[in-house]
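Engineer: heads up, no residue letters with this:
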Ligand code: MIG
């Protein structure tokens, strides 16, 4: 970075309240604005010069800032003290010289301190967050390496990292969650540096007591999200940057991808094979070869002569497609999308006025200027060509944006030579499309705006449907518009291992719907690696197998019978858990909770849990402890406080404790939390197929617990208007081991035909008495009735939505 720029260590000169939740600050060499939110979050924007730019947040679709009134007092030295009565922070102290912000909670503890503000005339800035000596740092979006980023320097600049596997990667979320302890209890807080261009985080590397954040343009825009628990931070972060809307149910199934399934015949044959072998799968991805000369929104007339017919054949098998769309539009005057984009001046131009081009698959291509609403609208409209042909989801690749300079054609492939130079490119200013910005100033929101255009376009074309968009690049808030996959990984054990902390940190950054390519993209996967990867990957929030052209094929049956059976079982487990998983996604839409959670999310007060980076909580009740070492047939597992059960054999453990579990190749170590009820179903091959047993409650004793079963049509937005069936679930344990499973009356207007509800109580010896609503049940297969075998009790009762209370009296 340029060291010669003039730096102004800012001091506070004057302040003035704009209203009861907004304060203008005059600094040495700059101006700032402080806003307080009703949920107790705080935002500071500062820039060099005399006027603050208009708020850029609405321009990228941030959720509206909900102001929270505070009372303001001047301190003796001319500083400012804000007192907040609501949730979140209690007091904010703004000191004058040096300028700093101290955020205090109700106990008087400091939950955040911002200091060392430097504003430069070119818009670059530094600001630091004080770090506690024992603080751990999580989040930071999509990053390689360990879960805790203390001591690292992280760059945020969206980049097609290719095979380099170094920071930065495709997607940036300039946010972190700090977790420290004060007098025994943990305290979490979140910090978002909402820069649209590249920025840097020095995570207590240079100075152990500072997280230093730097931007290259646009001033600072920092929001502090108080805890005290990680869940509080995520709720506040997501209230600001947005939450992942409930995905269509089919998109939670398995996706089978390859670069590329390159013809209708190949896709049909693949679909037939998937079903013949009984591999649960919901979607097939169409990589770049479906297009006509890589022109987006077209079909190759030779390879895909009749996409409609293909899609109806796929639909008959319960399969859908997700089609790739790159932002680069082929420069070709005969191509209507290019012609129209050019005529309407929708492409990014260079400083010299020429349309900026770069080389991507179609050759020389132009880039839409997604920061303008009309361009987004136009882009969204283009998707009708794909949707009308029967495509169900859109896969946005190369949207960092990525491309190369000149290239060398090699048959139907091109050898990229050098990276595209976009340094002379201009784009519209998201907050004022009449102004332009250098590409670098808004680079990190390019993909966000593209996905926004895509999602909104699909919503207009299919107003009742929930869209599915998948993106490689993105920024804070990408979850509002798209699911995310972590780009081009390798078919190596290290990449399998790394996918865990990477996805956990992405999840803690608000990106709930995320996954890594199962089996690895580059290179050829081995049978053992595929087996372990599909076991873990079938429990990724987003589960897709994908691989690169010229590598070993990666359909689940390419690795021999044994691995095929392992893959089938893994995916059947996913389908079994689908009702539970769906509930976790509901929760995410509701309060921003991640689907994949590091142990620290649920157990922040347990220092041993905070260190675990190779286990995952899927929602609140399931713990995944995957095997990610070659040749390993056992592993160590850490179980935090509480009762835990092995999913497969009901073995019961009381945490906190460590144990070694055996894990033959067929086996994924999986644990359920005692005191939980998980709604499941018998496995299906695709969403829409009726499960033989639609409602199976897996009951794990060991405490009191509650849950919810949420059912709806799985694909429309009617659930938002109450077309949903919600069933409250409760587990009680009385003295002497009496257990009560309460299924509440169904609420909401979504109709479910009468069916059998099954409650399978795990680790339960034959009971002395089982009753339904006070009536004794008989043993046997009749409904209502129960069976006790193999240490489990299966209770079957009719389900008309009226609710049921099942009681079990333990045996003598
Ligand atoms: O330069 O569309 O990450 O998933 O298969 C490669 C071809 C372009 C990169 C994506 C990958 C995809 C591939 N794309």
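Structural biologist: Sure, I can see it. These numbers come from a predicted model, not from an experiment.

Engineer: where does residue 381 sit: helix, strand or coil?
Structural biologist: Of the three states, residue 381 takes helix under DSSP: H, G, I helix; E, B strand; the rest coil.

Engineer: tell me the contacts of it?
Structural biologist: Residues near residue 381 by Cβ atoms under 8 Å, 6 or more residues apart in numbering: 457, 460, 461. C-beta: built from backbone N, CA, C; applies to glycine.

Engineer: of these - the most surrounded one?
Structural biologist: The most crowded member of the contacts of residue 381, judged by other Cβ atoms under 10 Å, is residue 457 (23 neighbours).

Engineer: so which bits of the stretch 301-450 of the chain are right by the ligand?
Structural biologist: Residues of the stretch 301-450 of the chain lying close to the ligand (Cβ under 6 Å from any ligand atom) are 324, 397, 398.

Engineer: point me to the residue of the stretch 151-300 of the chain nearest the ligand.
Structural biologist: Nearest residue of the stretch 151-300 of the chain to the ligand: residue 259, at 3.6 Å (Cβ to the nearest ligand atom).

Engineer: shouldn't that residue be within a helix?
Structural biologist: No: using three-state DSSP, the assignment for residue 259 is coil, not a helix.

Engineer: was I right to think it contacts residue 553?
Structural biologist: No: at 11.2 Å, residue 259 does not count as touching residue 553 under the criterion of Cβ atoms under 8 Å.

Engineer: got any residues that touch both of these two?
Structural biologist: Counting by Cβ under 8 Å, 6+ apart, the residues touching both residue 259 and residue 553 are residue 547.

Engineer: of all the residues in stretch 283-298, which ones are buried?
Structural biologist: For stretch 283-298, burial by neighbour count (16 or more other Cβ atoms under 10 Å) applies to 283-292, 294-298.

Engineer: same deal with stretch 368-387?
Structural biologist: When burial is assessed from 16+ other Cβ under 10 Å, stretch 368-387 yields the following buried residues: 368-373, 375-376, 378-380, 382-383, 385-387.

Engineer: over to stretch 727-738?
Structural biologist: 727, 729, 730, 731, 732, 733.

Engineer: please determine how far the residue nearest to residue 481 when sequence neighbours are not counted is located from residue 397.
Structural biologist: Nearest residue to residue 481, sequence neighbours excluded (Cβ to Cβ, 6 or more residues apart in numbering): residue 451, at 3.9 Å. Note on residue 451: its distance to residue 397, by Cβ to Cβ, to the nearest Å, is 11 Å.

Engineer: which one's more surrounded, these two?
Structural biologist: Comparing residue 451 with residue 397 by other Cβ under 10 Å, the one with more neighbours is residue 451, at 29 against 24.

Engineer: who touches that one in this structure?
Structural biologist: Residues near residue 451 by Cβ under 8 Å, 6+ apart: 396, 399, 469, 471, 474, 478, 481, 482.

Engineer: residue 338 now?
Structural biologist: Taking Cβ under 8 Å, 6+ apart, we find residue 338 in contact with 329, 330, 331, 332, 366.

Engineer: and residue 682, how many neighbours does it have?
Structural biologist: Per other Cβ under 10 Å, the neighbour tally for residue 682 reads 15.

Engineer: interface residues of the stretch 451-600 of the chain facing the ligand?
Structural biologist: Within the stretch 451-600 of the chain, the positions near the ligand by Cβ under 6 Å from any ligand atom are 472, 487, 488, 546.

Engineer: quick check: closest non-adjacent residue to the second one.
Structural biologist: Pointing back at residue 487 there. If the residues on either side of it in the chain are set aside, residue 487 comes closest to residue 170, at 4.7 Å by Cβ to Cβ, 6+ apart.

Engineer: surely the one you found touches residue 162?
Structural biologist: No: counting by Cβ under 8 Å, residue 170 sits too far from residue 162 to count as a contact (10.3 Å).

Engineer: who's more crowded, the two?
Structural biologist: Neighbour totals were compared for residue 170 and residue 162, and residue 170 leads with 25 against 12 (other Cβ under 10 Å).

Engineer: and the next helix or strand past the longest helix anywhere in the chain?
Structural biologist: The residue-count maximum for a helix in the chain (DSSP state H) belongs to helix 561-591. Next along the chain after helix 561-591, taking DSSP states H and E as the criterion, comes strand 596-597.

Engineer: quick one on the thing from earlier: and the residue of the stretch 151-300 of the chain closest to the ligand, what does it touch?
Structural biologist: Applying Cβ under 8 Å, 6+ apart to residue 259 gives the contacts 287, 288, 289, 546, 547, 548, 549.

Engineer: dump those residues into TSV; add secondary structure and pLDDT as well.
Structural biologist: Shown next, in TSV, are the contacts of residue 259 (DSSP: H, G, I helix; E, B strand; the rest coil; pLDDT from 0 to 100):
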residue	secondary structure	pLDDT
287	coil	98
288	helix	98
289	helix	97
546	coil	98
547	coil	98
548	coil	97
549	coil	95
